[in-house]
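*Asks:* my questions concern the predicted model and sequence given below.
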Amino acid sequence: MNNAKPNRCPVYKKCGGCQLDTSYPEQLRFKQGKTERLLKRFCRVEPIIGMETPFHYRNKVQAAFYTNRSGKIISGVYQSGTHHVTGIDSCMIEDETADSIIVGVRKLLPSFKLTTYNEDTHKGFLRHVLVRRGFQTNEIMLVLVTGTPVFPSKNNFVRAIREKFPAITTIVQNVNNLNTNLVLGEKQTVLYGKGYIEDILCGCRFRISPKSFYQINPVQTEVLYGKAMEFAHLKGNETVLDTYSGIGTIGIVAAKQGAGRVIGVELNGDAVRDAISNAKLNKLQNIRFYKGDAGDFMETCADENERCDVVFMDPPRAGSSEQFLRALIKMSPKRVVYISCNPETMARDLDFLTKHSHYRVQKIQPVDMFPHTAHIECVALLCGE
Ligand code: SAH
């Protein structure tokens, strides 16, 4: 374990991306304490699994672009509550190649007379840049988020970027002209390459599109999924549900470990498309992915008396819904593996499940997916008594 206290980041206060600037062991103690306060009433909380090297783990990096009063282009993060961008060229938790690509894009803009987008006047061009890197494959995606679909000197700009960064495997233009906090807009065009990258997790290969969710810390994701599989205790031939499945990572890893049949459900259409091609990429025939709300899907399954042995659930920060949890109880799988990025909503959902059913929490394992931030990831196992 790396005990070194990180050098204090110069933009720690302005950026807001990290919330903890104590030593790493202290951060882990803080997260363990918070998890126990919220969850130990259900079951003993295992010691949190930290990172060996808790730096530069973020495989997805995004920067806002802005031109200041003296005409200088800045790339970085919005100062909280404002539209001012704090310039950041390198960051302790972000992938270093991704950071250098963002700086490279910024330096190229003036020679192509490309401007930055102004959120107040809705004029200008480049709004955000997003870079994603496959840690195992080294494939790199560059997404240029622009305020207008018109891209002056497009081909020459793309050529210049590729010359400067030959490691980039795909470049996408995404258009976002809405007044929104979301980085990506609806419309996008592939400017170079396949329009997605692939990465390898737990020995499986995954295609990742710009708008699909993919865990941002691949090293710890393998640890997390490893625990989820251990809790699921698949012996072969089980019917498994992967709910809130994203690009299908958990379901596909479960299918590779011998699950008899896997059914996934996910709301984001791009992620479902990725999940379907990921099943093919991994040569799996016993797996289906559906697009829809996980609660509606579970309710339909329960009403039709579908049976299943194991349910994986990995909801967003807001947690699951009562509709989902009621249907889950009705379906009554042997094991429920609940993966959560927010122990507060996890506590609320576990409360509901344990009060309204025979399920009891058997294990809780926190995993540090987000060093230097206050975020906590946990996986819990529930079994019927
Ligand atoms: N299990 C995946 C994704 C987890 S993130 C992984 O480990 O990578 C949570 C996912 O839930 C996101 O992909 C999000 O698009 C999806 N989601 C959010 N609300 C949903 C809902 N109501 N029904 C189904 N999926 C939902």
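*Replies:* Sure thing, it's come through. Residues are numbered from 1 along each chain as shown.
*Asks:* can you give me the buried ones in the helix or strand that contains M229?
*Replies:* Applying DSSP states H and E as the criterion places M229 in helix 218-232. Applying a neighbour-count criterion of 16 or more other Cβ atoms under 10 Å, the buried positions in helix 218-232 are 218, 220-229, 231-232. For glycine as for every other residue, the C-beta is placed from the backbone atoms N, C-alpha and C.
*Asks:* any chance of JSON lines for these, columns distance to L178 and pLDDT?
*Replies:* Converted to JSON lines, the buried residues of helix 218-232 look like this (distance: Cβ to Cβ, whole Å; pLDDT from 0 to 100):
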{"residue": "P218", "distance to L178": "31", "pLDDT": "97"}
{"residue": "Q220", "distance to L178": "33", "pLDDT": "98"}
{"residue": "T221", "distance to L178": "31", "pLDDT": "98"}
{"residue": "E222", "distance to L178": "36", "pLDDT": "98"}
{"residue": "V223", "distance to L178": "37", "pLDDT": "98"}
{"residue": "L224", "distance to L178": "33", "pLDDT": "98"}
{"residue": "Y225", "distance to L178": "34", "pLDDT": "98"}
{"residue": "G226", "distance to L178": "39", "pLDDT": "98"}
{"residue": "K227", "distance to L178": "39", "pLDDT": "98"}
{"residue": "A228", "distance to L178": "36", "pLDDT": "98"}
{"residue": "M229", "distance to L178": "40", "pLDDT": "98"}
{"residue": "F231", "distance to L178": "41", "pLDDT": "98"}
{"residue": "A232", "distance to L178": "40", "pLDDT": "97"}
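*Asks:* can you pull the domain assignment for this structure?
*Replies:* If the domains of the chain are taken from automatic domain parsing, they occupy 12-54+217-384, 60-201, with pieces of a single domain joined by a plus sign.
*Asks:* can you name the residues of the stretch 101-250 of the chain that neighbour the ligand?
*Replies:* Taking Cβ under 6 Å from any ligand atom as the contact definition, the stretch 101-250 of the chain meets the ligand at 213-215, 244-246, 249-250.
*Asks:* quick check: the farthest pair among the residues you listed?
*Replies:* Y214 and Y244 (13.4 Å; Cβ to Cβ).
*Asks:* if we can go back for a sec, which of the domains of the chain sits most buried?
*Replies:* Among the domains of the chain, judged by mean count of other Cβ atoms under 10 Å, the one packed with the most neighbours on average is domain 12-54+217-384 (a mean of 19).
*Asks:* do a quick rundown of the helices in the stretch 151-300 of the chain.
*Replies:* For the stretch 151-300 of the chain, the helices defined by DSSP state H, counting those that start in this stretch occupy 154-164, 218-232, 249-256, 269-281, 294-303.
*Asks:* of all the ones you listed, which one is nearest L28?
*Replies:* helix 218-232 (12.4 Å).
*Asks:* coming back round to it: dump the helix holding M229 to PDB, restricted to CA.
*Replies:* Taking Å, rounded to 0.1, in the frame of the first residue of the first chain, the C-alpha atoms of helix 218-232 are listed here in PDB:
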ATOM      1  CA  PRO A 218     -10.400  -0.400 -14.500                       C
ATOM      2  CA  VAL A 219      -7.900  -1.800 -11.900                       C
ATOM      3  CA  GLN A 220     -10.500  -1.700  -9.100                       C
ATOM      4  CA  THR A 221     -13.300  -2.800 -11.400                       C
ATOM      5  CA  GLU A 222     -11.700  -6.200 -11.700                       C
ATOM      6  CA  VAL A 223     -11.500  -6.400  -7.900                       C
ATOM      7  CA  LEU A 224     -15.200  -5.300  -7.600                       C
ATOM      8  CA  TYR A 225     -16.400  -7.700 -10.200                       C
ATOM      9  CA  GLY A 226     -14.300 -10.500  -8.700                       C
ATOM     10  CA  LYS A 227     -16.100  -9.900  -5.300                       C
ATOM     11  CA  ALA A 228     -19.500  -9.800  -7.100                       C
ATOM     12  CA  MET A 229     -18.800 -13.100  -8.800                       C
ATOM     13  CA  GLU A 230     -17.600 -14.700  -5.500                       C
ATOM     14  CA  PHE A 231     -20.800 -13.500  -3.800                       C
ATOM     15  CA  ALA A 232     -22.900 -14.900  -6.700                       C
END
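*Asks:* residues contacting the closest residue to the ligand within the stretch 201-350 of the chain?
*Replies:* For the stretch 201-350 of the chain, the residue positioned closest to the ligand under Cβ to the nearest ligand atom is G246, at a distance of 2.8 Å. Contacts for G246 (Cβ atoms under 8 Å, 6 or more residues apart in numbering) come out as 212-214, 266, 268, 271, 275, 314.
*Asks:* quick check: bridge partners of I364?
*Replies:* V45, A380 (DSSP bridges).
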